[in-house]
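A.B. asks: Predicted coordinates and the sequence they were generated for:
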Amino acid sequence: MSAIEILRQTERSPHWLIFRRCGTNGRICSGRFLMKLYKLGGALLLFGFLLANGIAQQPHPEPMDIWTATQISLKGAKSITPRNGFVPDESTAARIGQTAAIAQYGEKTISQEMPFRARLYGDTWLVIGTLHPEGADGGTAVIKISKTDGRILFMAHQM
């Protein structure tokens with residue numbers, strides 16, 4: 001009996017899945033060979049899944065915080081230089097001076113010296129608080145700020 005006759009008979013039988021044509025030469029493969037192929041394919045599929053799952057579950061490095069990431073990204077970066085300096089006007093100078101004075105002398109003391117005023121002398125802002133009542137004995141915070149780069153050049157509290 002030839003292989004093709006066996007195949008035709010097995011296709012008619014309820015167990016026709018035990019034989020299949022294999023490859024391009026028309027050879028008949030037994031169910032045992034096919035089972036080995038299925039097992040090998042299943043094992044390769046399982047191995048691939050486990051490999052992918054193992055890679056996915058490797059410990060990830062700690063996420064970098066925003067401050068460290070920013071520091072790294074700024075290495076070698078060039079800063080802008082505003083045409084009118086970092087402190088271009090009176091209101092900016094007054095706010096910077098007031099904020100620096102609060103940090104140094106406290107909110108309670110500085111809140112009694114508001115509003116702060118500023119005047120430009122050359123490239124330096126002179127910022128002073130307001131004495132209440134006007135002309136009373138005492139003093140206010142005095143701050144000198146660089147117009148170009150915003151540095152605090154001088155700070156004192158007059159008495």
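C.D. replies: That came through fine.
A.B. asks: Look up how far Leu37 lies from the closest residue to Gly139 other than its chain neighbours.
C.D. replies: Spatial nearest neighbour of Gly139, chain neighbours left out: Gln158 (3.0 Å); criterion: CB to CB, 6 or more residues apart in numbering. In short, each C-beta sits where N, CA and C put it, glycine included. Gln158 is 95 Å from Leu37, where distance means CB to CB, to the nearest Å.
A.B. asks: Equivalent analysis for Met64, please.
C.D. replies: Taken as CB to CB, the span from Met64 to Leu37 is 48 Å.
A.B. asks: How is this protein partitioned into domains?
C.D. replies: The chain is divided into the following domains under automatic domain parsing: 3-56, 90-157.
A.B. asks: Is it possible to get TSV of the ones you listed that adds distance to Gln71, mean neighbour count and mean pLDDT?
C.D. replies: TSV is the format used below for those (distance: least, CB to CB, whole Å; neighbours: other CB atoms under 10 Å; pLDDT from 0 to 100):
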stretch	distance to Gln71	mean neighbour count	mean pLDDT
domain 3-56	31	11	64
domain 90-157	20	16	91
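A.B. asks: Out of these, the one nearest Ile80 is which?
C.D. replies: domain 90-157 (11.7 Å; CB to CB).
A.B. asks: what's the offset of that closest one from the middle of its chain?
C.D. replies: From the chain centre to the centre of domain 90-157 is a distance of 37 Å (CA atoms, centre = their mean, to the nearest Å).
A.B. asks: quick one: terminal-to-terminal distance for that domain?
C.D. replies: Across domain 90-157, the terminal residues are separated by 20 Å (CA to CA, to the nearest Å).
A.B. asks: At which residues are the strands of this protein located?
C.D. replies: With DSSP state E as the criterion, the chain has strands at 20-22, 27-29, 117-121, 124-128, 141-146, 152-157.
A.B. asks: most residues in a single helix of the protein, which one?
C.D. replies: helix 31-56 (DSSP state H).
A.B. asks: Just give the nearest non-adjacent residue to Thr148, would you?
C.D. replies: With CB to CB, 6+ apart as the criterion, Thr148 has its nearest non-adjacent residue at 4.6 Å, and that residue is Gly85.
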